[in-house]
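Participant: Below: sequence and its predicted model.
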Amino acid sequence: MQDRERRPDQQTAASVVANHLADLILGELAPGSTLPSEAELAARYDVSRLTIREAVKRLEGRGLLVIARGRKAVVREPDGAAFADFLTSVIRYDPKGLFDLVAVRLSLEVQSAHLAAKHATRASLAAIEGELQGMRDSLAQSDGGLSLELETSFHAHDVGFHEAVALASGNRVLGYLFEAMSQPLREAFFISQRGHAQRGHTPGDTVDAHQRILDCIRTGDSRAAAEAMRLHLKNTERDIRTALSQLALRPAPRE
C-alpha cells in the first residue's frame, strides 16, 4: 500500500528531473557527450538513483539519449525518424494530410528558395544541379513512360533537389527538416505525379519547373526564386487534388 502511495511521487520527481536533464542536453551538451553517473545525478537533484534511472529512460524514449548496458547515457545525434514516421502515417491514412504537407512545404520551401538565391555557394549549386540531372537521366532511360523503378529514381532525385535547395539556404533547421521529410515526400510525389498526368502534364514539365527554380537561384534573384517555388508547389497541390478526386470517382470493387 505504501509503495502505491509513493509511486505517483516518484513519477512526478522523475518528470521534473527529466525536464531538467532535457534542458541540459538541448542547451549545453553536444551529441556524443555522456551524462554524469546515476550517483552524481542523484546527489545533484537530491533524489534516488531509481528516480534518475526512470528520468533517463524517459529521455531515451524521447530520442534524446542512447543507453547501453553498463555504460553512461550518451546524448544522441539529432534524428528525424520519429517526425518522418509521423508524416508518413498521416499521408497514408488521411488524404487531408497531403494538403497539410503541401501547406507546410509552401511555408518552408518558398523561404528556402529565397535564402538559397542569397546564400548558395558553388558547391551547393552543383548539388542542386546534380539532383536535377538525376531527374533528367531517369527520364532519358524511359521508353515512352516511366517504369516503377525509374519513377522511384525520378522522385528520389526530385526530393534530393528540394533538400539541396534547403541546404543551400544556409539554414541548418531547414536542412534538417527536409532530411526528415524525405521518405514521406517520396510517397506524396507518387500521388501528385498521377494527378500531374491526369491534368495533361508530363514529368518533363516537372523538370522544367525545377530548372526555373534553379535558374533564379543561380542568378541570385531571391524574389523570383521564391515565386518559382511557390508556383511549382501550387501546381503540386492541384495535382494532388486531381489525383484524389479521380480516386473518389472510381467505383467500389464488387464483393
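Facilitator: Alright, I've got the coordinates.
Participant: make it CA atoms for all contacts and neighbour counts henceforth
Facilitator: Fine.
Participant: Find the residue ranges of the stretch 151-255 of the chain scoring beneath the pLDDT cut-off.
Facilitator: For the stretch 151-255 of the chain, residues meeting the criterion pLDDT under 70 lie at 248-255.
Participant: How about the secondary structure of the most centrally placed residue in the chain?
Facilitator: Taking Cα atoms, centre = their mean, the centroid of the chain lies closest to residue 181, which sits 2.2 Å from it. Three-state assignment for residue 181 (DSSP: H, G, I helix; E, B strand; the rest coil): helix.
Participant: now the residue nearest to it when sequence neighbours are not counted, what's its secondary structure?
Facilitator: For residue 181, ignoring the flanking residues on the chain, the nearest one in space by Cα to Cα, 6 or more residues apart in numbering is residue 84 at 5.5 Å. Going by three-state DSSP, the secondary structure assigned to residue 84 is helix.
Participant: Number the residues from 49 up from this point.
Facilitator: Sounds good: first residue 49 from here, last item residue 132.
Participant: do you know how far residue 132 is from residue 271?
Facilitator: Residue 132 sits 30 Å away from residue 271, going by Cα to Cα, to the nearest Å.
Participant: which of these two has more neighbours?
Facilitator: The residue with more neighbours, out of residue 132 and residue 271 and counting by other Cα atoms under 10 Å, is residue 132; that gives 20 against 17.
Participant: so what's that one up against?
Facilitator: By Cα atoms under 8 Å, 6 or more residues apart in numbering, the residues touching residue 132 are 228, 229, 230, 231, 232.
Participant: Spell out which residues make up each domain of the chain.
Facilitator: Under automatic domain parsing, the residue ranges defining each domain of the chain are 50-123, 129-297.
Participant: most packed of those?
Facilitator: Counting by mean count of other Cα atoms under 10 Å, domain 129-297 has the highest mean neighbour count of these, with a mean of 19.
Participant: Centre of the chain to that domain, how far?
Facilitator: Distance of domain 129-297 from the chain centroid (Cα atoms, centre = their mean, to the nearest Å) equals 12 Å.
Participant: list the contacts for the closest residue to residue 136 other than its chain neighbours?
Facilitator: Counting by Cα to Cα, 6+ apart, the nearest residue to residue 136 once its immediate chain neighbours are dropped is residue 232, at 4.7 Å. Contact criterion Cα under 8 Å, 6+ apart gives 132, 133, 135, 136, 139 as the residues in contact with residue 232.
Participant: Check whether residue 232 sits in a helix, strand or coil.
Facilitator: Following three-state DSSP, the label given to residue 232 is helix.
Participant: how much space is there between the nearest residue to residue 264 once chain neighbours are set aside and residue 225?
Facilitator: Leaving aside its sequence neighbours, residue 264 sits nearest to residue 273 (Cα to Cα, 6+ apart; 4.8 Å). Computed with Cα to Cα, the distance linking residue 273 and residue 225 is 20 Å.
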